[in-house]
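Q: Take this sequence and fold it.
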Amino acid sequence: MSAPHGFSVSRYAPERGAFAKLTARDSLLRRLDWPMLLAALALSFMGALLVWSATRGRTELNNGDPYYFLFRHVLNTGIGLALMIGTVWLGHRTLRGAVPVLYGISILLILAVLTPLGATINGAHAWIVIGGGFSLQPSEFVKITIILVMAMLLAAKVDAGDQLHPDHRTVAKALGLAALPMAIVMLMPDLGSVMVMAVIVLGVLLASGASNRWVLGLIGAGVLGAVLVTTLGMLDEYQINRFAAFANPELDPAGVGYNTNQARIAIGSGGLTGAGLFQGSQTTGQFVPEQQTDFVFTVAGEELGFLGAGLILVLLGVVLWRACRIARETTELYGTVVAGGIIAWFAFQSFENIGMTLGIMPVAGLPLPFVSYGGSSMFAVWVAIGLLQSIRVQRPMTA
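A: Residues are numbered from 1 along each chain as shown. So this is what the prediction gives:
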């Protein structure tokens, strides 16, 4: 009987005092994963320029201030960095003990969206308006909560040395805890977030070493659930129209297919090097809707060309590569599972966002990590980076 991924149980034995004392040579700064951190910062910097280009002429959005969205994007990034630093300082193991509390808070927040406190933005009733122009999308933080609560359950007995892999009862409990917030988010309805959460659950199960029967069963249940949701009419009309436009882009090019068609025109017009920052005719002409959020990649394609858009893909690839390395090298299953969930989240959401601008994925209203404008999304992805950095910081260093 072998341990998950071919490792022995001792690999997942908890490290005691690994982070208690850091020598001058083995400092916190030395332990950080700098390629990941610098790649994420570069993505946020590029995002600031792209958001600025997309919004500086949108007087109906920026209240006549061309720097409005630029300032807020930089502010969101700064707050995200502060949250990352706080997460590293606390440590993923400390947060492990607070997971039940965090889970309860997440449930209360998404339930609040279904009350009069909730607000509808871009067709999704998924927001809480705080005031002063600020709003919160709790489903972004639920992604983190699902990862942490499932990792806590799936890794508990393995890290204690009692099991080689999570048993069926533990997996069932973990799936039940993940299903509750996903069901609530589906009621909003926020189908895009539910899709990401489903992929996160799959990533967590695969990273935990759970039986493949659970993974296959979950995929089958997802397909069945999609059929039931469609046949029972649980989707709003705008969501059905998005899938119809994906299946047949020529169905209504001036209506439901407008976003995707304009996005492809913008990206295709960029060529190799692009029209130049602030020089894109599709962007300055405001032909692409929601260009600072869901369709920000079109600004890169048009104004920075294949090279600039490709750089975004490379930087996202660096983040995912370093995350995979952290998942592989951590000394505990809990850290492996947390990293696996974050990898699944970032990979799928990036693929879906970029794919919908190219017409190879349906429009799902998902932001591009680190690049798109949006406080809740920015805060969540930087907390995730903090978790990954904490996992790396708290592992033994061999060199």
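Q: and the next element down the chain from the helix or strand of the chain with the lowest mean pLDDT?
A: Least confident helix or strand, the chain: helix 237-247 with a mean of 61, by mean pLDDT, DSSP states H and E. Using DSSP states H and E, the helix or strand that follows helix 237-247 in sequence is helix 258-268.
Q: helices or strands next to that following helix in the packing?
A: For helix 258-268, the packing partners by 3 or more Cβ pairs under 8 Å, 6 or more residues apart in numbering; DSSP states H and E come out as helix 237-247, helix 281-284, helix 296-299, helix 333-358. Every C-beta, even on glycine, is put in place using the N, C-alpha and C of the backbone.
Q: For F141, list the residues it contacts.
A: Listed by Cβ atoms under 8 Å, 6 or more residues apart in numbering, the contact set of F141 reads S106, L109, S376, F379, A380, V383.
Q: Nearest to S350 among those residues?
A: A380 (14.0 Å; Cβ to Cβ).
Q: how close does the closest one sit to A172?
A: Per Cβ to Cβ, to the nearest Å, A380 is found 27 Å from A172.
Q: which one of these two has more residues nearby?
A: More neighbours surround A380 than the other of A380 and A172, with 23 against 13 (other Cβ atoms under 10 Å).
Q: In three-state terms, label the more buried one for me.
A: helix (DSSP: H, G, I helix; E, B strand; the rest coil).
Q: so who does it touch?
A: A380 neighbours (Cβ under 8 Å, 6+ apart): E140, F141, K143, I144.
Q: now whichever strand or helix holds the second one and helix 333-358, what's the angle there?
A: Okay, so that is F141. Here F141, judged by DSSP H and E, is contained in helix 138-159. On the basis of axes from the mean of the first three to the mean of the last three Cα atoms, to 10 degrees, helix 138-159 is oriented at 150 degrees to helix 333-358.
Q: Pull the residues that contact the helix or strand following helix 138-159.
A: As assigned by DSSP H and E, the chain's next helix or strand after helix 138-159 is helix 168-186. Residues outside helix 168-186 that contact it (Cβ under 8 Å, 6+ apart): 103, 106-107, 110-111, 114, 126, 139, 142, 145-146, 149-150, 153-154, 156-157, 166, 193-194, 197-198, 201, 204-205, 208, 210-211, 214, 218, 229, 234.
Q: Which helix or strand lies directly C-terminal to helix 168-186?
A: helix 191-208.
Q: ok now that following helix, how far from the chain's centre?
A: 10 Å (Cα atoms, centre = their mean, to the nearest Å).
Q: and what of stretch 167-175?
A: Using Cα atoms, centre = their mean, the offset of stretch 167-175 from its chain centre is 24 Å.
Q: just for the stretch 101-250 of the chain, where's the confidence low?
A: 122-124, 131-133, 229-230, 232-250 (pLDDT under 70).
Q: if we go to 90?
A: 113-136, 156-168, 186-192, 210-250 (pLDDT under 90).
Q: in stretch 327-342, what's buried?
A: Going by neighbour count (16 or more other Cβ atoms under 10 Å), the buried part of stretch 327-342 is 327, 330-342.
Q: Just name the closest of those residues to T283, please.
A: Of those, the one sitting nearest to T283 (Cβ to Cβ) turns out to be I342, at 31.2 Å.
Q: circling back: just the buried members of the contacts of helix 168-186?
A: 103, 106-107, 110, 126, 139, 142, 145-146, 149-150, 153-154, 156-157, 166, 193-194, 197-198, 201, 204-205, 208, 210, 214, 218, 229.
Q: which one's the longest strand in the protein?
A: strand 124-131 (DSSP state E).
Q: on that earlier part again, possible to save the contacts of F141 as JSON lines with distance to T87?
A: Formatted as JSON lines, the contacts of F141 follow (distance: Cβ to Cβ, whole Å):
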{"residue": "S106", "distance to T87": "16"}
{"residue": "L109", "distance to T87": "18"}
{"residue": "S376", "distance to T87": "16"}
{"residue": "F379", "distance to T87": "11"}
{"residue": "A380", "distance to T87": "11"}
{"residue": "V383", "distance to T87": "5"}
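Q: Show me which pair in those is furthest apart.
A: Top of the distance list for the contacts of F141 (Cβ to Cβ): L109 and V383, 14.6 Å.
Q: With just CA atoms, put stretch 293-305 into PDB.
A: Only the C-alpha atoms of stretch 293-305 are listed here, as PDB (Å, rounded to 0.1, in the frame of the first residue of the first chain):
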ATOM      1  CA  THR A 293     -13.000  43.800 -16.200                       C
ATOM      2  CA  ASP A 294     -14.000  40.600 -18.000                       C
ATOM      3  CA  PHE A 295     -12.600  41.600 -21.400                       C
ATOM      4  CA  VAL A 296      -9.400  43.300 -20.400                       C
ATOM      5  CA  PHE A 297      -7.300  40.800 -22.400                       C
ATOM      6  CA  THR A 298      -8.700  42.500 -25.600                       C
ATOM      7  CA  VAL A 299      -6.900  45.700 -24.700                       C
ATOM      8  CA  ALA A 300      -3.600  43.700 -24.500                       C
ATOM      9  CA  GLY A 301      -4.300  42.000 -27.800                       C
ATOM     10  CA  GLU A 302      -5.200  45.200 -29.700                       C
ATOM     11  CA  GLU A 303      -2.700  47.700 -28.200                       C
ATOM     12  CA  LEU A 304       0.200  45.400 -27.200                       C
ATOM     13  CA  GLY A 305      -0.300  42.800 -29.900                       C
END
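Q: thinking again about what came up before, among the buried residues of stretch 327-342, show me the least confident.
A: Note: of those, the lowest pLDDT belongs to T331, at 84.
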